[in-house]
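# structure of the sequence below:
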Amino acid sequence: MGKTNLICTFFTLLIYLRMVMVLQVITKKREVYMAKNAQHWEKTKGLLIITLALWAIFSMGIFLFGAEMNTVTGPFGYPLTYWFTCQGSLGFFVILIFWFAGRQEKIDEEFGFSERGDD
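Here you go, the predicted structure:
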C-alpha cells in the first residue's frame, strides 16, 4: 500500500506541474495577444487610481488631521491648518493636474494614441 501511495503522489505531482506549465503558457499568450486598447486602459487605470488616492489624501487628510496643527502659526499669523488647507491643497492640486497630464501623455505616446501633431 505504501508503494501505491508513492506512485499516486508522484503522478499527482506530475499533473500539477503540467497544469502550472499550461497556465504559464496561457498567461503569456494573453499578454502577447492583449489588445493595444486594453493595455492602454490598464496603464491609464493605474495612473487614475494613484491620482485619486493623492487627491483624497490632500483634500480630506489635511482637514482630518489638521486640528493638531492649530497651535502652530503659519505665514501672516494664520494657523498652520488654515494655511495648508487654503493654500497648500490648491497648490498641490495644480501640480497634480500637470503631473497627471504629463504622465497620461507619455502613456498615450507609448501606445500610439498621442494627440500631439507632427511638429
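# strands of the chain, residue ranges please.
Counting by DSSP state E, the chain forms no strands at all.
# and the helices in it?
Assigned by DSSP state H, the helices in the chain fall at 2-33, 36-56, 62-65, 80-83, 89-111.
# what's next to the third one, contact-wise?
Residues outside helix 62-65 that contact it (CB atoms under 8 Å, 6 or more residues apart in numbering): T81, F84, T85, G88, S89. All C-beta spots, glycine's among them, are computed from the backbone N, C-alpha and C.
# and the pLDDT at the third one?
Here, the pLDDT recorded for T85 equals 72.
# the residue nearest to P75 when sequence neighbours are not counted: neighbouring residues, count only.
With sequence-adjacent residues excluded and distances taken as CB to CB, 6 or more residues apart in numbering, P75 is closest to W83, at 6.1 Å. Residues contacting W83 under the criterion other CB atoms under 10 Å number 17.
# ok, now T73?
Neighbours around T73, by other CB under 10 Å: 13.
# please pull out the lowest mean pLDDT helix or strand from this protein.
helix 2-33 (a mean of 63; mean pLDDT, DSSP states H and E).
# OK, contacts around H40?
H40 makes contact with I107, D108, F111, F113, according to CB under 8 Å, 6+ apart.
# if you set the cut-off to 10 Å instead, what comes out?
I107, D108, E110, F111, G112, F113 (CB atoms under 10 Å, 6 or more residues apart in numbering).
# how about the last one, nearest residue that isn't a chain neighbour?
Counting by CB to CB, 6+ apart, the nearest residue to F113 once its immediate chain neighbours are dropped is H40, at 6.3 Å.
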